[in-house]
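# Sequence and predicted model, in that order:
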Amino acid sequence: MRICLLAEGAYPYVTGGVSSWIQSLMTRMPEHEFIVFSISAKENSGAKKRYEAPPNLLEVRDIHLGAFLSDDIVYGKRYNITEEEKQAFLSLIGGTDTNWPLLFNLFVSGRIDSILNFLASKDFFDIVQALCKERFVHVPFTDMFWALRSMVLPLFLCIDQKMPEADLYHSVSTGYAGVLGALAKHQYNKPFLLSEHGIYTREREEEIIKANWIKGYFKDIWIDYFYNLSNCAYEYSDEVISLFERSREIQMEIGCPPEKTSVIPNGIDVTKFKPENRIKKEGLHIGAIVRVVPIKDIKSMLQSFAIVQRELPDTFFYIIGPYDEDEEYYEECVDLADSLGLNNIHFTGEANVMEYLAFMDLLVLSSISEGQPLVILEGLAMGIPYVATDVGSCSELLLGPNDHFGRAGSVVPVMHFHLLAREIIDLSRDTEKRTEYGQNGLRRVRSLYTLPLMISRYQSRYERWGNTHGWDRISTESFV
């Protein structure tokens with residue numbers, strides 16, 4: 001079977017949970033062929049690929065949304081947009097029941113020669129004008145025009161791409177990747193699976209609320225827009241997979257039909273982890289396996305480390321992971337660590353995580369949003385307890401409310417660095433409890449979160465939907 005994976009800003013240029021998950025899926029299913037359709041905001045030419053392509057990965061197709069902005073623009077064209085098509089555009093912004101088939105057909109028909117030309121056309125001007133008159137009478141036209149243009153430009157650029165033919169399409173989020181999956185289902189009538197590692201709309205909502213560049217009265221418009229994109233993916237998908245039960249419940253609250261939902265937890269290769277080889281170093285060693293980006297809230301972590309250091313001076317802190325994804329944020333974190341007087345802190349950059357797991361006493365995660373973090377599974381597989389923020393499935397992994405294995409760590413509210421510090425200090429002082437929590441987590445991972453178990457569940461989904469829809473082997477030459 002040929003499977004097209006659709007992802008935003010991830011594989012193969014960014015390390016992390018989603019990229020690692022994609023790599024595992026492909027390498028563990030050598031009987032299938034894969035194409036990765038990767039959407040990113042900026043050009044990746046020359047960027048280092050973080051993962052070695054497995055033999056069954058036929059192609060990585062990149063959409064660089066920023067690359068189109070240098071194209072020449074022809075202003076004032078007419079595209080003879082019908083009234084029905086105009087209404088479909090209007091419902092996309094601040095409306096409901098968007099006519100996605102009509103929008104998809106418009107973009108794949110060849111009637112629009114250039115997305116940038118369309119957004120500079122008289123037709124688009126009329127759409128914005130109608131939107132102002134019908135729904136946003138108090139918003140200045142110029143503000144609405146530029147806001148709407150920046151809102152739909154990435155979406156339209158994605159839809160305007162020629163989708164590769166495959167036997168099955170599998171998106172790893174809603175948003176733009178989810179809409180592309182819906183487009184492929186519309187074009188080719190092939191099965192479309194959706195896996196949400198985190199609730200995309202909730203993550204975008206948090207970002208929009210905090211964003212300084214979006215004016216107050218536009219925040220609700222942006223939020224509704226992303227919910228519209230998610231509902232498009234939910235509508236077209238054959239099955240919507242979440243990583244844990246609470247995530248599934250949120251999907252249904254947003255609008256996903258319950259009969260489409262299912263749960264497949266993440267899994268790791270537990271054979272790679274050897275807790276019996278852990279060593280004890282002098283002092284206390286606390287680590288975070290994490291990309292240095294804002295959504296991981298490294299600053300709250302650093303503030304908690306400063307409190308820990310005051311009470312436990314013989315403590316060493318490690319931020320284990322790449323910091324080149326957002327260099328400005330990384331510099332801010334380094335400056336904060338200096339201003340807090342953190343002495344024994346190390347930003348390792350991209351590193352061999354196993355080398356650090358071998359001597360960590362405690363691991364920390366301070367994210368403001370997560371799905372089901374692979375880093376927690378990996379830490380528990382080494383018998384190391386965790387202190388994490390109460391996001392995604394962290395409480396399920398660490399507190400185990402639905403199993404008998406017992407606690408494997410602690411959870412605290414997001415951004416409450418004082419509480420994060422207190423839990424770190426309490427566990428650091430109690431060696432017996434750390435050992436107990438570590439063993440509980442180890443048993444939980446080995447029983448419930450193994451890679452073979454995850455792969456077998458996805459394999460059954462591929463076979464089920466492939467057999468239901470019927471699939472034919474497509475020659476590689478058709479992609480040249």
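Sure thing, it's come through. Numbers count the residues shown, from 1 in each chain.
# where exactly do the strands run in the chain?
Taking DSSP state E as the test, the strands found in the chain are 2-8, 33-40, 57-64, 168-171, 192-196, 239-242, 261-263, 284-289, 315-320, 345-349, 362-365, 386-389, 409-412.
# Dump the first one to PDB, restricted to CA.
What follows is the C-alpha trace of strand 2-8 in PDB, where atoms were taken according to Å, rounded to 0.1, in the frame of the first residue of the first chain:
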ATOM      1  CA  ARG A   2       1.200   3.500  -0.700                       C
ATOM      2  CA  ILE A   3       0.500   5.900   2.200                       C
ATOM      3  CA  CYS A   4       0.800   9.700   2.100                       C
ATOM      4  CA  LEU A   5       1.700  11.200   5.500                       C
ATOM      5  CA  LEU A   6       0.700  14.900   5.900                       C
ATOM      6  CA  ALA A   7       2.500  17.000   8.600                       C
ATOM      7  CA  GLU A   8       3.100  20.600   9.500                       C
END
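# neighbouring contacts of it?
Here strand 2-8 makes contact (C-beta atoms under 8 Å, 6 or more residues apart in numbering) with 11, 18, 22, 25-26, 32-40, 58, 163-173, 175-178, 180-181, 184, 462, 471, 473-474. All C-beta spots, glycine's among them, are computed from the backbone N, C-alpha and C.
# buried subset of those?
By neighbour count, with 16 or more other C-beta atoms under 10 Å, these hold 11, 18, 22, 25-26, 32-40, 58, 163-173, 175-178, 180-181, 184, 462, 471 as buried.
# any idea where the helices of the stretch 101-250 of the chain begin and end?
Secondary structure of the stretch 101-250 of the chain (DSSP state H, counting those that start in this stretch): helices located at 115-119, 122-134, 141-159, 175-188, 200-210, 216-236, 245-254.
# can you put the ones you listed in CSV and add distance to residue 334 and mean pLDDT?
As requested, these are exported to CSV (distance: least, C-beta to C-beta, whole Å; pLDDT from 0 to 100):
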stretch, distance to residue 334, mean pLDDT
helix 115-119, 39, 92
helix 122-134, 43, 91
helix 141-159, 31, 90
helix 175-188, 31, 95
helix 200-210, 22, 87
helix 216-236, 31, 91
helix 245-254, 34, 93
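# okay, those helices, which one's buried deepest?
Mean neighbours per residue, mean count of other C-beta atoms under 10 Å, is largest over the helices of the stretch 101-250 of the chain for helix 175-188, with a mean of 24.
# could you point out where the stretch 251-400 of the chain is predicted with low confidence?
Within the stretch 251-400 of the chain, no range satisfies pLDDT under 70.
# which residues of it fall in helices?
Under DSSP H, counting those that start in this stretch, the stretch 251-400 of the chain gives helices at 298-311, 327-339, 353-357, 374-381, 394-399.
# what's the closest of the ones you listed to residue 102?
Closest of those to residue 102 is helix 374-381, at 39.7 Å (criterion: C-beta to C-beta).
# for the closest one, packing partners?
helix 17-27, strand 284-289, helix 353-357, strand 362-365, strand 386-389, helix 394-399, helix 431-448 (3 or more C-beta pairs under 8 Å, 6 or more residues apart in numbering; DSSP states H and E).
# Counting neighbours, which bits of stretch 343-350 end up buried?
Quick answer for stretch 343-350 (16+ other C-beta under 10 Å): 344-345, 347-348.
# what's the answer for stretch 82-95, then?
85, 87-95.
# of all those, which two lie farthest apart?
Going by C-beta to C-beta, the pair spanning these furthest: 85 and 94, at 17.2 Å.
# can you list the domains in this structure?
Using automatic domain parsing, the domain ranges for the chain come out as 2-70+162-267+453-479, 83-152, 270-449.
# Of those, which is nearest residue 77?
domain 83-152 (4.6 Å).
# and the closest one, how far apart are its ends?
End-to-end span of domain 83-152 (C-alpha to C-alpha, to the nearest Å): 19 Å.
# quick one: that domain to chain centroid distance?
27 Å (C-alpha atoms, centre = their mean, to the nearest Å).
# same question, stretch 403-423
The answer for stretch 403-423 is 23 Å, by C-alpha atoms, centre = their mean.
# List the contacts of stretch 10-20.
Outside stretch 10-20, the residues touching it (C-beta under 8 Å, 6+ apart) are 5, 7, 22-23, 36, 38, 40, 44, 47-51, 53, 60, 172-173, 197, 266, 291, 321-322, 325, 350, 371, 373-375.
# same thing but at 7 Å, please
Applying C-beta atoms under 7 Å, 6 or more residues apart in numbering, the contact partners of stretch 10-20 are 7, 22, 36, 38, 44, 47, 49-51, 60, 172, 197, 291, 322, 325, 350, 373-374.
# Just the buried ones out of those, please.
7, 22, 36, 38, 44, 50-51, 60, 172, 197, 291, 322, 325, 373-374.
# ok, those residues vs residue 452, which is closest?
Once C-beta to C-beta is applied, the member of those that ends up nearest residue 452 is residue 374, at 15.3 Å.
# contacting residues around that closest one?
17, 20, 266, 268.
# And it, how close does it get to residue 223?
28 Å (C-beta to C-beta, to the nearest Å).
# Same question for residue 386.
According to C-beta to C-beta, residue 386 and residue 223 sit 31 Å apart.
# Contacts only, for residue 185.
Contact analysis of residue 185 by C-beta under 7 Å, 6+ apart lists 169, 192, 236.
# Indicate which one of the helices of the stretch 101-250 of the chain is closest to residue 261.
helix 245-254 (5.0 Å).
# Other residues contacting that closest one?
Contact partners of helix 245-254, identified using C-beta under 7 Å, 6+ apart, comprise 196, 199, 201, 227, 230, 240, 242, 258, 261, 263, 371.
# Turn the buried residues of stretch 343-350 into CSV, including distance to residue 138.
Shown next, in CSV, are those (distance: C-beta to C-beta, whole Å):
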residue, distance to residue 138
344, 55
345, 49
347, 47
348, 51
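# Once you drop chain neighbours, what's closest to residue 241?
residue 195 (4.5 Å; C-beta to C-beta, 6 or more residues apart in numbering).
# how much space between that neighbour and residue 372?
11 Å.
# just residue 128 next, same as before
41 Å.
# what's the answer for residue 308, then?
27 Å.
# do the same with residue 465
23 Å.
# Looking at those two, which one has more neighbours?
residue 372 (24 against 20; other C-beta atoms under 10 Å).
# Find the residue closest to the more buried one in space, skipping its chain neighbours.
In space, residue 372 is closest to residue 243, 3.8 Å off (C-beta to C-beta, 6+ apart).
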